[in-house]
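Undergrad: Next one to model:
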Amino acid sequence: VQLQASGGGLVQAGGSLRLSCAASGRTFRTYAMGWFRPAPGKERDSVAAISWSGGTTYYADSVKGRFTISRDNAKNTVYLQMNRLKPEDTAVYYCAASPDLSTTPWRYNYWGQGTQVTVSS
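TA: Model prediction:
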């Protein structure tokens, strides 16, 4: 599985962005997907994750109620809708694929290249 993340950019605090992660390969629909960003002391910290079917999702406490993860298996794409952005959301965001739904980076086999999100105050 090859992953290509896009949609990052510069936005003012309170604004919105939607990240996309396009996957190659017919096995995309069998993988759980996650979005990660660096955090103090962590190279990659889980932001959100979604099961292969889309029926189960996970959010970090810091983004609950503001971010929404979704997927379209017909389009081999996972999304991260980010609303009410804060300056502390500034980071490079990475999408990743795992055989099982997890918040642990080492459980993810495939990684995209990352997309920069910058939130100005």
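
Undergrad: residue boundaries of the strands in this protein?
TA: 3-6, 9-12, 17-23, 32-39, 42-50, 57-59, 67-72, 77-82, 91-98, 110-111, 115-120 (DSSP state E).

Undergrad: Need the residue closest to the centroid of the chain.
TA: W35 (2.4 Å; C-alpha atoms, centre = their mean).

Undergrad: Who does that residue form a beta bridge with?
TA: Beta bridges link W35 to A48, C95 when assigned by DSSP bridges.

Undergrad: Return the residues in contact with it.
TA: W35 is in contact with 19, 21, 46-49, 69, 78, 80, 93-96, counting by C-beta atoms under 8 Å, 6 or more residues apart in numbering. All C-beta spots, glycine's among them, are computed from the backbone N, C-alpha and C.

Undergrad: Can you check what pLDDT the model gives the residue lying closest to L3 once chain neighbours are set aside?
TA: Using C-beta to C-beta, 6 or more residues apart in numbering and skipping the chain neighbours, the partner closest in space to L3 is G112 (3.6 Å). We note a pLDDT of 95 for G112 in this prediction.

Undergrad: what do you get for L10?
TA: pLDDT for L10: 98.

Undergrad: about what we covered before: same list, the strands of the chain, but as JSON lines with distance to T104 please.
TA: Converted to JSON lines, the strands of the chain look like this (distance: least, C-beta to C-beta, whole Å):
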{"stretch": "strand 3-6", "distance to T104": "18"}
{"stretch": "strand 9-12", "distance to T104": "28"}
{"stretch": "strand 17-23", "distance to T104": "18"}
{"stretch": "strand 32-39", "distance to T104": "9"}
{"stretch": "strand 42-50", "distance to T104": "8"}
{"stretch": "strand 57-59", "distance to T104": "11"}
{"stretch": "strand 67-72", "distance to T104": "16"}
{"stretch": "strand 77-82", "distance to T104": "18"}
{"stretch": "strand 91-98", "distance to T104": "9"}
{"stretch": "strand 110-111", "distance to T104": "14"}
{"stretch": "strand 115-120", "distance to T104": "22"}
